[in-house]
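> What shape does this take:
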Amino acid sequence: MYEAGTTAFDNTRPRKWFLHGCESCGGVVLTEASTLAISRIWPEPVSISETVPARAREYLRQAADSLYSPSGAVMLTASAVDAMLKDKGFKEGSLYSICRRRSPHYFRNGRVGSRS
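Here you go, the predicted structure:
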């Protein structure tokens, strides 16, 4: 951990800055404190609502933890959407087939997004 203190040009607004190692991604987290309590943190922590079903929430947590690998994060996010649909009762088929059945106008002429 690294610590530094700063003030404004007129010696007001004393602040302490701390660099912490992130146990999740191995990167660095910067925090600011004007007293003993942390007032800001970068990057901002990702929180996933407790209203999201547990399985989907876990996929989203893993996606957030793997943003350094965009393809993996996209696949985990798709898995989260699939898990949410399954939780809503769409048990049969893949994410693509569920979307296709529920929204046929979006998949006309074999092209995603085609409305003609």
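> Counting by contacts, list what the strand or helix carrying Ser79 packs against.
Using DSSP states H and E, Ser79 falls within helix 70-87. On a contact count with 3 or more C-beta pairs under 8 Å, 6 or more residues apart in numbering; DSSP states H and E, helix 70-87 meets helix 54-65, helix 95-102. From N, CA and C alone the C-beta is placed, and that goes for glycine too.
> Could you tell me the least trusted of these?
Lowest mean pLDDT within the helices and strands packed on helix 70-87: helix 95-102, at a mean of 76.
> Buried residues, that one. List them.
Leu95, Ile98, Cys99 (16 or more other C-beta atoms under 10 Å).
> same check, this time on stretch 73-86
Under the neighbour-count criterion of 16+ other C-beta under 10 Å, stretch 73-86 has Ala73, Leu76, Thr77, Ser79, Ala80, Asp82, Ala83, Met84, Leu85, Lys86 buried.
> From Thr12, how far off is the first one?
Yep, that's Ala73 we're talking about. Ala73 sits 42 Å away from Thr12, going by C-beta to C-beta, to the nearest Å.
> what's the answer for the fourth one, then?
The spacing between Ser79 and Thr12, counted by C-beta to C-beta, is 50 Å.
> hmm, back to that, can I get the buried residues of helix 95-102 in TSV with distance to Glu58?
Formatted as TSV, these follow (distance: C-beta to C-beta, whole Å):
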residue	distance to Glu58
Leu95	17
Ile98	20
Cys99	22
